[in-house]
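Peer 1: compute the structure for the input listed below.
(one chain, ligands or ions: 1)
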Amino acid sequence: MDLELNETQRLIQRTARDFATRVILPQAHDLDETERFPREIMKGLAELGLLSINVSEGLGGSSAGVVAYSLAMQEIAAACASCSVMMSVTNMVGEAIERFGNEEQRARYVPRLASGELVVGSFALSEPDAGSDPAGMRTTATPDGDGWVLDGAKQWITGASYAGVIIVWARTGSLETHPGTRGISCFLVDAGSPGLKIGKPEDKLGIRASDTVPLELERCRVGGGQLLGGMHGGFKIAMMALDGGRIGIASQAIGIARAAIEESVRFAKERKSFGVPIAQHQAIQWKLADMQTELDAANLLCMRAAWNKELGRPYSREAAMAKLFASEAAIRICNEAVQIHGGYGYIREFAAERHLRDARVTTIYEGTSEIQRLVIARSVLA
Ligand SMILES: Cc1cc2nc3c(=O)[nH]c(=O)nc-3n(C[C@H](O)[C@H](O)[C@H](O)COP(=O)(O)OP(=O)(O)OC[C@H]3O[C@@H](n4cnc5c(N)ncnc54)[C@H](O)[C@@H]3O)c2cc1C
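Peer 2: Sure thing, here's the model as predicted:
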């Protein structure tokens, strides 16, 4: 593994950092307060090629690779975690359609996701009664003439109020004939499809500017050409997409934690107690030392997973480890950042409390920490 970044990776990192600090960061506090969907920012990310980093150039993507994707995610997350999660899901959706779609599906969706025409892409796997265990999903897809009719409910879907296309997973085989994960397929559902109802946005602890909504599918009709990746092939698509998505969420956690450290360092150098900047107290120095060490460890795990994926090597276990460690480390780091800020860490005026709230979700979505441990343990025991 080469820890030296190449020219393309440095360029993407610089581009993302410049946009993040110049455009996103000045709005981050307000976006969190108002829970406003950052439409202009998503458009800007698309214009810079950051919504399609792993998509091939022929389909409008940047084709810059997984390491570059992780670096860009870190930069955007350091400024605004809400923007970064929608960036992550959109990249994941574009990549899944390029990989599993037929030529027509690729041509129809991937360039429009990359250019921002579809605003964002959404990934609708979770249901009210099936999160960690998607095999328990109840949404069904029934053949109807030359298409399909989808019925059911999805829960916690990021970006779906604004998404031009949503990948929706549904059961195409009954549990009796296709037990477990065997009878699941996935469908490309366009915004505004008849029978697709977008629910009220959730009122969340963190990532408040990212849209999170329930979906109702009531005799939602899609054409025959909307089946993605073949009949009953949906579970494999979900698992492969989530493996890659976990690198995205690990990167998000790293970005949030890095911002929390940078703010803590700034604050510790300015804030005085007992006549000296608090940065001179050894207790504060040790906190910062531990925070930075955890951040670097998270980054190395994440880079290994990204590197493996980029080279086409197995990376499922590495992505689970990166996501598990980075998300839990981010919560510890952000918690210490609040402590370093003292009372100022507890008020909205300072970003430390936002970082802690934003970091909290990273151990939950795209597989909870418990599920990452399950994935890792399975591979250790194999
Ligand atoms: C803000 C936000 C955005 C999201 N965005 C999306 C999205 O875009 N698309 C999407 O499909 N989903 C999305 N999700 C859903 C998310 O992926 C699920 O919440 C997550 O997978 C957990 O599922 P659950 O909430 O049903 O919890 P459950 O599965 O009910 O789990 C509850 C608890 O039990 C534990 N648990 C469950 N099974 C086991 C086990 N076998 N061993 C040990 N512990 C276990 C879990 O780790 C957890 O602690 C989002 C969630 C949030 C909060």
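
Peer 1: can you pull out the helices in the protein?
Peer 2: Using DSSP state H, the helices found in the chain span residues 7-19, 25-34, 39-47, 66-79, 81-100, 103-115, 234-270, 282-310, 316-340, 352-360, 369-381.

Peer 1: which parts of the second one are buried?
Peer 2: Within helix 25-34, the residues that qualify as buried by neighbour count (16 or more other Cβ atoms under 10 Å) are Gln27, Ala28, Leu31, Asp32. The C-beta positions use only the backbone N, C-alpha and C, and glycine is treated the same way.

Peer 1: that helix: how far from the chain's middle?
Peer 2: Averaging C-alpha positions (Cα atoms, centre = their mean, to the nearest Å) puts helix 25-34 19 Å from its chain's average.

Peer 1: hmm, who's touching stretch 279-293?
Peer 2: With Cβ atoms under 8 Å, 6 or more residues apart in numbering as the test, stretch 279-293 has contacts from 257, 260-261, 264-265, 268-269, 273-274, 278, 332-333, 336-337, 339-340.

Peer 1: quick one on the thing from earlier: out of the helices of the chain, which is closest to the ligand?
Peer 2: Across the helices of the chain, the minimum distance to the ligand, taken as Cβ to the nearest ligand atom, is reached by helix 369-381, at 3.3 Å.

Peer 1: ramachandran angles for Asn54?
Peer 2: Asn54 has phi and psi values of phi -100, psi 10 when expressed as degrees, to the nearest 10.

Peer 1: surely it meets Ala96?
Peer 2: No. With contacts defined as Cβ atoms under 8 Å, Asn54 does not count as touching Ala96, sitting 10.4 Å away.

Peer 1: these two: who's more crowded?
Peer 2: Under the criterion of other Cβ atoms under 10 Å, the comparison of Asn54 against Ala96 puts Ala96 first, with 24 against 21.

Peer 1: which non-adjacent residue is nearest that one?
Peer 2: Closest residue to Ala96 apart from its sequence neighbours, by Cβ to Cβ, 6 or more residues apart in numbering: Ala241 at 4.7 Å.

Peer 1: got a list of what the one you found touches?
Peer 2: Under the criterion of Cβ under 8 Å, 6+ apart, the contact partners of Ala241 comprise Met92, Glu95, Ala96, Phe123.

Peer 1: tell me which residues touch the residue lying closest to Gly255 once chain neighbours are set aside, please.
Peer 2: Spatial nearest neighbour of Gly255, chain neighbours left out: Ala77 (2.8 Å); criterion: Cβ to Cβ, 6+ apart. Taking Cβ under 8 Å, 6+ apart as the definition of contact, the neighbours of Ala77 are Ser84, Ser251, Gln252, Ala253, Ile254, Gly255, Ile256, Ala259.

Peer 1: and those residues, which two are the farthest apart?
Peer 2: Of all pairs drawn from the contacts of Ala77, the greatest distance, 12.9 Å, lies between Ser251 and Ala259 (Cβ to Cβ).

Peer 1: between the two, who's got more neighbours?
Peer 2: Comparing Ser251 with Ala259 by other Cβ under 10 Å, the one with more neighbours is Ser251, at 31 against 28.

Peer 1: and that one, what is it in contact with?
Peer 2: With contact taken as Cβ under 8 Å, 6+ apart, Ser251 is in contact with Tyr69, Ser70, Leu71, Met73, Gln74, Ala77, Ser84, Ser88, Cys302, Ala326.

Peer 1: then Gly116?
Peer 2: By Cβ under 8 Å, 6+ apart, the residues touching Gly116 are Met42, Lys43, Leu45, Ala46, Glu47, Leu51.

Peer 1: so which bits of this structure are right by the ligand?
Peer 2: Residues of the chain lying close to the ligand (Cβ under 6 Å from any ligand atom) are 89, 123-126, 131-132, 156-158, 204, 207, 212, 361, 364-368, 370-371, 374.

Peer 1: residue of the stretch 51-200 of the chain nearest the ligand, please.
Peer 2: Checking the stretch 51-200 of the chain residue by residue against the ligand with Cβ to the nearest ligand atom singles out Gly131 as nearest, at 1.9 Å.

Peer 1: roughly how far apart are that residue and Gln155?
Peer 2: 8 Å (Cβ to Cβ, to the nearest Å).

Peer 1: how about Phe274?
Peer 2: Here the criterion is Cβ to Cβ. By it, Phe274 lies 51 Å from Gln155.

Peer 1: of those two, who's got more company?
Peer 2: When neighbours are counted by other Cβ under 10 Å, Phe274 and Gln155 differ, and Gln155 comes out ahead with 18 against 7.

Peer 1: wait, isn't that one in contact with Glu216?
Peer 2: No. Contact status for Gln155 versus Glu216: not in contact, 10.4 Å apart, counting by Cβ under 8 Å.

Peer 1: about what we covered before: quick one: pLDDT of the residue of the stretch 51-200 of the chain closest to the ligand?
Peer 2: With respect to pLDDT, Gly131 has a value of 96.

Peer 1: ok, the one 10 residues further on next?
Peer 2: At Ala141 the predicted local confidence, pLDDT, stands at 97.

Peer 1: identify the bridge partners of the closest residue to it other than its chain neighbours.
Peer 2: If the residues on either side of it in the chain are set aside, Ala141 comes closest to Ala170, at 3.9 Å by Cβ to Cβ, 6+ apart. Beta bridges link Ala170 to Ser185 when assigned by DSSP bridges.
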